[in-house]
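K.L.:
Starting from these lines, generate the structure:
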Amino acid sequence: MCGRYALTATPKDISEFFNLADLDDFPARYNIAPTQPILVVMSSEKREPGSNLPERRAFLARWGLIPGWVKDMKEFPLLINARSETAIGKASFRAAMRHRRILIPASGFYEWRRPPKESGVRPQAYWIRPKRGGVIAFAGLMETWSSADGSEVDTAAIMTTAANGGIRHIHDRMPVVIEPEDFARWLDCKTQEPREVADLIRPVQEDFFEALPVSDLVNKVANMGPDLQKPVAVAQPEEEPPKKPTPDSTQMSLF
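P.N.:
Reported below is the predicted structural model:
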């Protein structure tokens, strides 16, 4: 699962990484949450004459995919993630997987390790970022949902896969990362059918990410500053108070 992530790169760095036209200025975002607008990249049929840029455009979409066939958005569950193993055949994602594959720029994501309650250890948040730094691209899916009054909302979901060995001790799922050399193939929904890009929706190599334990500030959407990514000591199990010795029932007592 991926329920929170960050995008702290500059618009210039994002534009260069995805080979886009210059983006308007926007602030770093340290705690992106479901239902918020997120930056997405998609193939575009529009291209300026003489431009050497690929046919890509960046725009904002609501994080939480709503299939086009849904009548009432309020009565449909929020689909922030799409499982890569089942997206091709699942009704909610089938059309988007075939026609509207996107890239979602990110600087990293947050995940929580949740030990058994009996362990006495509280859930521990981790900031998971690429070791090399910079921008990365999550695989995503998009749908444009139309309401009864004719208004439209672009919506998106992040694709997930089984966690690799470097993340598995924290959570069993992780976002699918698309490498720059595969951007064109992933975004090409005209000639590349879902089965032809299935090899791209796999766990990234085990040494790609590093996981830093951080405080529970990230739990609250209102917290949005860089302090969210400041490393902290990992929580330890609470020590149980020493048990009182059990009296030997075979001995006599004055009490």
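
K.L.:
Could you double-check that Val121 lies in contact with Trp112?
P.N.:
No. Val121 lies out of contact with Trp112 (CB atoms under 8 Å); the separation is 11.8 Å. Every C-beta, even on glycine, is put in place using the N, C-alpha and C of the backbone.

K.L.:
show me the contacts for Arg100.
P.N.:
The contact partners of Arg100, by CB atoms under 8 Å, 6 or more residues apart in numbering, come to Met42, Leu141, Met142, Glu143, Cys189.

K.L.:
And for Thr160?
P.N.:
Met1, Cys2, Asn81, Ala82, Arg83, Ser84, Arg173, Met174, Pro175, Val176 are the contacts of Thr160 under CB under 8 Å, 6+ apart.

K.L.:
Next, the buried residues of the host helix or strand of it.
P.N.:
Assignment of secondary structure by DSSP states H and E places Thr160 within strand 152-162. By neighbour count, with 16 or more other CB atoms under 10 Å as the criterion, the buried positions of strand 152-162 are Asp154, Thr155, Ala156, Ala157, Ile158, Met159, Thr160, Thr161.

K.L.:
what's downstream of it, the next helix or strand?
P.N.:
Per DSSP H and E, strand 152-162 leads on to strand 173-175 as the next helix or strand towards the C-terminus.

K.L.:
Against which helices or strands is that next one packed?
P.N.:
Using 3 or more CB pairs under 8 Å, 6 or more residues apart in numbering; DSSP states H and E as the contact definition, the elements that strand 173-175 packs against are strand 108-113, strand 152-162.

K.L.:
how about TSV for these, with mean pLDDT added?
P.N.:
Converted to TSV, the helices and strands packed on strand 173-175 look like this (pLDDT from 0 to 100):
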stretch	mean pLDDT
strand 108-113	98
strand 152-162	97
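
K.L.:
Pipe the ones you listed into CSV and attach distance to Gln36 per row.
P.N.:
Listed next are the helices and strands packed on strand 173-175 as CSV, based on distance: least, CB to CB, whole Å:
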stretch, distance to Gln36
strand 108-113, 14
strand 152-162, 11
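
K.L.:
Which among those strands is found nearest to Lys74?
P.N.:
strand 152-162 (12.5 Å; CB to CB).

K.L.:
what about the strands in this protein?
P.N.:
Remark: strands assigned in the chain by DSSP state E are 4-7, 29-32, 37-43, 56-63, 81-83, 101-106, 108-113, 124-130, 136-146, 152-162, 173-175, 209-214.
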